[in-house]
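Participant: sequence first, predicted model second:
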Amino acid sequence: METSVISYRVADFLKKHAPFHAVEEGDLLALAGGGRVRFHEPNEYILWQGEPHRYQVFVIQQGTVSLWDESSGEAKLRDVRGAGDMLGIERYNDAPACLYSARSESDVVIYAFPASDFEAFVLKYPQAMQYVAAGSRVTPDYQPGGGRRDLPSVFLHDLVARNALPTCGAGDSIAMAAHHLLTSRADAMIVVDAEQRARGVLTIDAVLGWVAAGAGSAHQPVTSIVNRPPPTVAPDASVADGLLTLGGADVDAIAITHDGTPDGRVHGVITRRDLAPLLGENPASLLRDIRVAASTPQLRELNQRVRAFALEHLTGASSVEWLARFTHLADAAILTRVVSLLGVDRLPASWCVSSSAGRMESLTMLAPPIVTIAHAEVPAQDAREAHERVVAAIADCGYLPRLDLPFEQSFYAATTHQWIERYREWVQDPVRHEMYRVRSLFDLRAVCGRASLWHEVAEAIRASIDRAFVHILANDCLARLPPLTFFQDAVIDSFGEHTTTFKLEESALRPLVDVGRVFALAAHDVIGRSTVERFGIARSLVPEREAIFREAADTFRIVLWQQGRVGIAQGTRGAELPASLLSRHDRQVLKGGFRSILQLLEFTAALEWLDAL
């Protein structure tokens, strides 16, 4: 058969698999032209752990290859690879030699390409280089091709750089300011003092509101209707930062100052309308609509629109944090509105959420677990009835039922004193009081009502945590291990068992959450923290192992992204998904995450870090 025909056949095979699908046909043909075919019978070693890198990069054409760690004298299975997978690419991630021994498990056919050709024809493509990098380290910046630009990478200053900054002085009259607003055709105007510091934002709505309220003399200073400084952001703030600031503060405009503080010199102003062309659906407007919704059917529709917006903008792991903050703001606004609609806002209580909602990590429609901390004067029956009504109304807002709560709903409504006693019992005797059932209650976050009651409980939790409690929770972290790898459309665990379902929450997300909680507990700073924030706390506690926690945080973003995009799209909580739904690149990235999780778990359970504190 002619060499050119063989090259075309090899190229046709390669372009069916990542990262070669991103390589142009001419480069694939050039790569294939220099390749050679190798055959291996079952149980033959293809590569040896620790040997110098070969001069070739290998692609498995057919058959199964297992990778083994033999460094400790006992062979441990580390990966299983099949058609389209590569061997020998760890050289491009600074590995000094072969990381594992590669052994054929069946008859295996391998394409061997000169490493120089692979570098010249494949690694010049950024997507291919990203794929190769994911083989040895966690790469959270991966985004599927063709996706929209991630909003955290679009900066507010780029939107206002070419526009003149409309301003008026704090001493200007309402008439002068309104005239300037009209002639500039701007949506908003910054009211500044003599030092060019923002003292308010004048909007068309503010002027109309003043007129609707009966107005007054138009010769009054503009500060009589604009009497508080606007929320501010720094010049490097992203569009995502601006959206969250607008929505969280429920305002029409924010100011960009040179240092991000209210006293900084003003650089620009951003309104809801400025951001509308970038979005389609405006999240700040969604939050405002939730806060004035008249019924649970309206809240259900808005909740669905919130999740649709989140799914549209879940472009990659880098988009997870700002969208999780947005969905938390929406969930908190829905809970606050439900409490108001039911009239139970008059009850002296703090309405809180726990679990993923308490960590601001709930992207899907899964109902937030609601916790009611009532004042001591509230009768127990009143607190329970109010709690049950709120939970029922939340269900009417379109949320998926939460079926994993360890107690009846009535348990989650109690007085401040009762909650403090419960936490003390869990900390002092975690085994007898089955602490493993209530870990998520240490993710408590206040949403509305009397925040002072939540603060009282949070302070009691901080004061009760001791070394023995942290020791037990750290030791328990090894109860859940991540999968070993993906092979074809199956997930393989550490025992070599195959399953077609990737238990994302149980085997990947929950171990990361549990470890993050352990380190935050060790620092007495667990309440009101997200998992990523907790890994930041861990870095400060054990700075010499900073890399472990940074990679764990990146892995967490990747796994939460997968849960969010699958869960929202399928209308589930995203706890499980068929492995077949994951692309080869997704699997490559997740496999790096599995190694990161295992390393994190082993480090945490060894407890040397705790002894050193």
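Facilitator: Sure thing, it's come through. Worth saying up front: this structure is predicted, and the values here are computed from it rather than measured.
Participant: and the next helix or strand past the helix or strand that contains Arg9?
Facilitator: Assigned by DSSP states H and E, Arg9 belongs to helix 3-14. The first helix or strand that comes after helix 3-14 along the chain, using DSSP H and E, is helix 25-33.
Participant: okay, now the sheet partners of the next helix or strand after that next one, with direction.
Facilitator: For helix 25-33, the succeeding helix or strand toward the C-terminus, using DSSP H and E, is strand 36-40. Under the criterion DSSP bridges, strand 36-40 sits next to strand 108-114 (antiparallel) in its sheet.
Participant: next, the buried residues of the partner strand.
Facilitator: With burial defined by 16 or more other C-beta atoms under 10 Å, the residues of strand 108-114 counted as buried are Val108, Ile110, Tyr111, Ala112, Phe113, Pro114. Where you see a C-beta, it was placed from the backbone N, CA and C, and this is true even at glycine.
Participant: same deal with stretch 592-607?
Facilitator: Gly592, Gly593, Phe594, Arg595, Ser596, Ile597, Leu598, Leu600, Leu601, Phe603, Thr604.
Participant: in terms of helices and strands, where is the first one?
Facilitator: Using DSSP H and E, Gly592 falls within helix 584-606.
Participant: elements contacting that helix?
Facilitator: helix 126-134, helix 467-475, strand 485-487, helix 510-522, helix 546-570 (3 or more C-beta pairs under 8 Å, 6 or more residues apart in numbering; DSSP states H and E).
Participant: next secondary structure after that helix?
Facilitator: Following helix 584-606 in sequence, per DSSP H and E, is helix 608-612.
Participant: follow-up on the earlier one: just send the buried residues of stretch 592-607 back as JSON lines, with distance to Arg422 and pLDDT too.
Facilitator: Converted to JSON lines, the buried residues of stretch 592-607 look like this (distance: C-beta to C-beta, whole Å; pLDDT from 0 to 100):
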{"residue": "Gly592", "distance to Arg422": "40", "pLDDT": "87"}
{"residue": "Gly593", "distance to Arg422": "35", "pLDDT": "90"}
{"residue": "Phe594", "distance to Arg422": "35", "pLDDT": "91"}
{"residue": "Arg595", "distance to Arg422": "38", "pLDDT": "90"}
{"residue": "Ser596", "distance to Arg422": "34", "pLDDT": "92"}
{"residue": "Ile597", "distance to Arg422": "30", "pLDDT": "94"}
{"residue": "Leu598", "distance to Arg422": "33", "pLDDT": "92"}
{"residue": "Leu600", "distance to Arg422": "29", "pLDDT": "95"}
{"residue": "Leu601", "distance to Arg422": "28", "pLDDT": "94"}
{"residue": "Phe603", "distance to Arg422": "31", "pLDDT": "94"}
{"residue": "Thr604", "distance to Arg422": "26", "pLDDT": "94"}
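Participant: contact partners for Thr531?
Facilitator: Residues in contact with Thr531 (C-beta atoms under 8 Å, 6 or more residues apart in numbering) are Arg359, Glu361, Leu512, Val513, Gly516, Arg517, Ala553, Phe556.
Participant: that older thread, would you reformat the buried residues of stretch 592-607 as a markdown table and include distance to Met189?
Facilitator: What follows is those, written out as a markdown table (distance: C-beta to C-beta, whole Å):
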| residue | distance to Met189 |
| --- | --- |
| Gly592 | 50 |
| Gly593 | 48 |
| Phe594 | 53 |
| Arg595 | 54 |
| Ser596 | 49 |
| Ile597 | 51 |
| Leu598 | 56 |
| Leu600 | 51 |
| Leu601 | 55 |
| Phe603 | 54 |
| Thr604 | 53 |
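Participant: tell me the one among those nearest to Val239.
Facilitator: For those, the residue nearest Val239 by C-beta to C-beta is Gly593; the value is 27.7 Å.
Participant: can you list phi and psi of Val23 for me?
Facilitator: With angles defined as degrees, to the nearest 10, Val23 sits at phi -100, psi 140.
Participant: the helices and strands packed on helix 584-606: which one's closest to Asp331?
Facilitator: Closest to Asp331 of the helices and strands packed on helix 584-606, according to C-beta to C-beta: helix 546-570, at 13.6 Å.
Participant: quick one: Thr64 from Thr327, how far?
Facilitator: 41 Å (C-beta to C-beta, to the nearest Å).
Participant: let me fix that: Ser184
Facilitator: 36 Å.
Participant: who has more neighbours out of these two?
Facilitator: Applying other C-beta atoms under 10 Å to Ser184 and Thr327 shows that Thr327 carries more neighbours, namely 24 against 16.
Participant: so the more buried one sits against Ala310, correct?
Facilitator: Yes - with contact defined as C-beta atoms under 8 Å, Thr327 reaches Ala310; the gap is 5.6 Å.
Participant: who touches both of these two?
Facilitator: With contacts taken as C-beta under 8 Å, 6+ apart, the residues that reach both Thr327 and Ala310 are Leu363.
Participant: would you turn the helices and strands packed on helix 584-606 into a markdown table with mean neighbour count and mean pLDDT?
Facilitator: Below are those laid out as a markdown table (neighbours: other C-beta atoms under 10 Å; pLDDT from 0 to 100):
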| stretch | mean neighbour count | mean pLDDT |
| --- | --- | --- |
| helix 126-134 | 19 | 86 |
| helix 467-475 | 17 | 92 |
| strand 485-487 | 22 | 87 |
| helix 510-522 | 25 | 96 |
| helix 546-570 | 23 | 94 |
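Participant: mind listing what the nearest residue to Trp322 once chain neighbours are set aside touches?
Facilitator: Spatial nearest neighbour of Trp322, chain neighbours left out: Ala240 (3.9 Å); criterion: C-beta to C-beta, 6 or more residues apart in numbering. Shown in contact with Ala240 (C-beta under 8 Å, 6+ apart): Leu151, Pro152, Ser319, Trp322.
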